[in-house]
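In: Just to be clear, the model below is a prediction. Sequence and coordinates:
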Amino acid sequence: MSKANKKNQKRTQFWKHHIKQWSESGMSQNAYCRQHDLRPNQFTYWKSKFKNQTLFPEFVQVPSTQITQVLNRSEQKGLRLNIDNRFQIEIPDGFSQTTLAQVLQVLGRC
């Protein structure tokens, strides 16, 4: 491997590491850059460069009770509507379109 390739690989690993650390930190991008002496414009460049790549795949074990609950819910007829993680509306089959429009209009004002 040439020196240039090693340097590029090292730089890529450096930025992958910092972007992963930042994403897990809960800090704003600017605060993280200040704390780690990084230039925000370079951080943004590398973050956008990695944007379409899956950098850090993670697998999570899901307890079987949660899977059962999801399967049971899927057997229900109708529709569940989640709005901005603030509201959850369960709409049964045959629900009035007019009533739904009115509910959504009210929620839009919240």
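Out: Yep, that arrived.
In: Going by residue numbers, what spans are helices in this protein?
Out: Taking DSSP state H as the test, the helices found in the chain are 3-25, 29-35, 40-50, 64-74, 97-108.
In: tell me the domain ranges of the protein?
Out: In terms of domains, the chain is parsed into 3-50, 74-108 (source: automatic domain parsing).
In: Deepest-packed of those, please.
Out: domain 3-50 (a mean of 13; mean count of other CB atoms under 10 Å). The way it works is simple: take the backbone N, C-alpha and C, and place the C-beta from them, glycine included.
In: Could you report the separation of the closest residue to residue 80 other than its chain neighbours from residue 50?
Out: Distances taken as CB to CB, 6 or more residues apart in numbering place residue 90 nearest to residue 80, at 5.2 Å, with adjacent residues excluded. From residue 90 over to residue 50 the distance is 39 Å, taken as CB to CB, to the nearest Å.
In: quick one: low-confidence parts of the protein?
Out: Confidence mapping of the chain against pLDDT under 70 gives the ranges 1, 52-76, 83-87, 107-110.
In: Any figure for the gap between residue 42 and residue 50?
Out: 13 Å.
In: list residues touching both of the two?
Out: Both residue 42 and residue 50 are in contact with residue 15, where contact means CB atoms under 8 Å, 6 or more residues apart in numbering.
In: residue contacts, the closest residue to residue 82 other than its chain neighbours?
Out: The shortest distance from residue 82 to any non-neighbouring residue, by CB to CB, 6+ apart, is to residue 88 (5.3 Å). Residue 88 makes contact with 80-82 under the criterion CB under 8 Å, 6+ apart.
In: Same check on residue 95?
Out: So residue 95 contacts residue 78 (CB under 8 Å, 6+ apart).
In: Would you mind listing the residues in contact with residue 22?
Out: Contacts of residue 22 were listed using CB under 8 Å, 6+ apart, and they are 29, 32, 43.
In: Can I get these in TSV including distance to residue 11?
Out: Rendered in TSV, the data for these read as follows (distance: CB to CB, whole Å):
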residue	distance to residue 11
29	19
32	18
43	13
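In: any idea which of these is closest to residue 103?
Out: Among these, residue 29 lies closest to residue 103 (CB to CB), at 37.4 Å.
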